[in-house]
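# pasting the sequence and the predicted model now:
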Amino acid sequence: MRTPAALPALAVMLALEACSLSPRYQRPSVPTPPPSYKEAGEWKVAAPADSTPRGRWWTMFNDQALDDLETQVSEANQSLRAALARLEQARAETRIGRAASFPTLTAEASATRQRTSLNAPTYAPGRPTTGDVFIAEGVLGYELDLFGRVRNTVAGARASEQASAGDVAALDLSVHAELASDYFTLRGLDLQQQLLDRTVADYARALKLTENLYRGGAAAIADVQQAQAQLETARTQAEDTRLRRAQTEHAIAVLIGREASDFALPPRAEGAELPVPEVTPGLPSQLLERRPDVAAAERRVAAANAAIGVARAAYFPVFTLAGAAGQESTRASSWMSAPSRLWSIGPQGLLT
């Protein structure tokens, strides 16, 4: 029994599919401190926890107004929407890269009338120069990933997708934290405004009293001027606080995607206290482990490593195993008959 000549070549190609031209990727590591290091007892091996759900952490403040604002920022913030759109784009690119791992099927049907050149090498004297060609053909092709081009493309796309997910998580955390910071800044300005308003009222009464004493000859004009200067200083501070509160309120409006002109956050009732939650102290290293932006940077390094393999594979030809079958005829009446069948199968190589 004779073995077809194409089988050994096909076996070699299939064996080479395990090859990859990208450098072997290893996550960056930091050596552990030596036992003799004086603070080694406080060190710990890093355990990335960037995928740990953070949940609605702002609810620990037990502030309903803050909870409502944080809900709005998740739904309406434009920067967050743009980051989510980039994540969907990265996921689509991953699906596109994975599609190259599967066979591709194309179908073609055409009916053409053509004229053959009399000087063409395939023209036979006496044959008509014009004729019809009817073709219906399907082609099934599969790229033999001999040099890891497809696999590295998929690996790079997945790493980029994970980096985009880290960007979304980092931006989401940053936006929520910025909103909470602005909210408590505004509440602090409310308390400061209440204090300054009371101070202005007290200084106004003090000025009136000093003026009455001056008219009665019991106070000097310098005392009146000093009281008036204190009142004007307090009024200036009160107006500056109102301005800073308005700017903070506008910043909150931008974060939640609202128009600053129609957004208002009324001040708390005088005497209301801001709840202060109990926060469990932790190590700075634990916060570093939960940072999604650090994980996103590491994933981009992995994507760049996979891109090296894709670039190196471009030096080599792309081999494809293709098969075609269909019908071809010069007359429509015999187009779909058995004698019009055609087929082909075999490997192809393309070097660009």
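Good, I have the coordinates.
# give the rounded mean pLDDT of the biggest helix by length in the chain.
When every helix of the chain is counted residue by residue (DSSP state H), the longest turns out to be helix 149-215. The predicted model gives helix 149-215 an average pLDDT of 91.
# and the next helix or strand past that helix?
Next in sequence after helix 149-215, counting helices and strands by DSSP states H and E, comes helix 221-255.
# which helices and strands does that next one pack with?
Contacting helix 221-255 under the criterion 3 or more C-beta pairs under 8 Å, 6 or more residues apart in numbering; DSSP states H and E are the following elements: helix 149-215. Quick note: C-beta positions are derived from backbone N, CA and C, even for glycine.
# hmm, back to that, next, the angle from the longest helix of the chain to helix 221-255.
Counting by axes from the mean of the first three to the mean of the last three C-alpha atoms, to 10 degrees, helix 149-215 points 160 degrees away from the direction of helix 221-255.
# what is the burial count for the residue nearest to Gly349 when sequence neighbours are not counted?
Nearest residue to Gly349 in three dimensions, chain neighbours excluded: Pro317, at 4.6 Å (C-beta to C-beta, 6 or more residues apart in numbering). Counted with other C-beta atoms under 10 Å, the neighbours of Pro317 add up to 13.
# my guess is Pro317 contacts Arg149, does it?
No. In this structure, Pro317 sits apart from Arg149 without contact. The criterion is C-beta atoms under 8 Å, and the distance is 10.7 Å.
# what are the ranges of the helices in the stretch 251-352 of the chain?
Taking DSSP state H, counting those that start in this stretch to define them, one finds helices in the stretch 251-352 of the chain at 284-289, 292-313.
# give the buried residues for the shortest one.
Translated: helix 284-289. Glu289 (16 or more other C-beta atoms under 10 Å).
# same check on stretch 201-217?
Here stretch 201-217 shows Tyr203, Ala206, Leu207, Thr210, Tyr214 as buried, counting by 16+ other C-beta under 10 Å.
# where's the second one relative to Leu84, distance?
Separation of Ala206 from Leu84 (C-beta to C-beta, to the nearest Å) stands at 57 Å.
# give me the number of residues near Lys228?
Slight slip there: residue 228 is Gln, not Lys. With neighbours defined by other C-beta under 10 Å, the count for Gln228 comes to 16.
# 886 is where my numbering starts, stick with that
OK, 886 is where the count begins now, so the last one is Gln1113.
# hey, which strand is longest across the chain?
Secondary structure of the chain per DSSP state E: the longest strand is strand 1015-1029.
# so which elements touch that one?
Counting by 3+ C-beta pairs under 8 Å, 6+ apart, the packing neighbours recorded for strand 1015-1029 are helix 891-901, strand 989-1000, strand 1203-1214.
# pLDDT on the shortest one, on average?
The reference is to helix 891-901. Over the span of helix 891-901, the pLDDT mean works out to 54.
# tell me which element Gln911 falls in.
Counting by DSSP H and E, there is no helix or strand that carries Gln911.
# need the pLDDT of it.
In the predicted model, Gln911 carries a pLDDT score of 71.
# sorry, back to before: enumerate the positions of the longest strand of the chain that are buried.
Taking 16+ other C-beta under 10 Å as the neighbour-count basis, strand 1015-1029 is seen to contain the buried residues Phe1019, Ile1020, Ala1021, Glu1022, Glu1028, Leu1029.
# nearest to Ile1193 among the residues you listed?
Nearest to Ile1193 out of the buried residues of strand 1015-1029 is Glu1028 (C-beta to C-beta; 19.8 Å).
# quick check: that closest one touching Pro1202?
No. Proximity of Glu1028 to Pro1202 does not meet the contact threshold set by C-beta under 8 Å, at 11.2 Å.
# would you confirm that Ile1020 contacts Ala994?
Yes. With the criterion set as C-beta under 8 Å, Ile1020 and Ala994 qualify as a contacting pair; they are 6.9 Å apart.
# who touches stretch 947-964?
With C-beta atoms under 8 Å, 6 or more residues apart in numbering as the test, stretch 947-964 has contacts from 941, 943-944, 965, 1056-1057, 1060-1061, 1064-1065, 1068, 1137, 1140-1143, 1150, 1159-1160, 1162.
# avg pLDDT for it?
Per-region confidence: stretch 947-964 scores 88 on mean pLDDT.
# the inter-axis angle of the longest strand of the chain versus strand 1203-1214?
With the same axes, to 10 degrees as the criterion, the two stretches strand 1015-1029 and strand 1203-1214 enclose an angle of 150 degrees.
# kindly export strand 1015-1029 (C-alpha atoms) in PDB.
Presented in PDB, the C-alpha positions along strand 1015-1029 are these (Å, rounded to 0.1, in the frame of the first residue of the first chain):
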ATOM      1  CA  THR A1015     -16.800  34.100 -26.400                       C
ATOM      2  CA  GLY A1016     -18.600  31.900 -24.000                       C
ATOM      3  CA  ASP A1017     -20.400  31.600 -20.600                       C
ATOM      4  CA  VAL A1018     -18.900  30.300 -17.400                       C
ATOM      5  CA  PHE A1019     -21.200  29.200 -14.500                       C
ATOM      6  CA  ILE A1020     -19.500  28.500 -11.100                       C
ATOM      7  CA  ALA A1021     -20.800  27.500  -7.700                       C
ATOM      8  CA  GLU A1022     -18.100  26.700  -5.300                       C
ATOM      9  CA  GLY A1023     -17.400  26.400  -1.600                       C
ATOM     10  CA  VAL A1024     -13.900  26.600   0.000                       C
ATOM     11  CA  LEU A1025     -13.100  25.300   3.400                       C
ATOM     12  CA  GLY A1026      -9.700  26.500   4.800                       C
ATOM     13  CA  TYR A1027      -7.800  26.000   8.000                       C
ATOM     14  CA  GLU A1028      -4.600  27.900   8.900                       C
ATOM     15  CA  LEU A1029      -1.900  25.600  10.300                       C
END
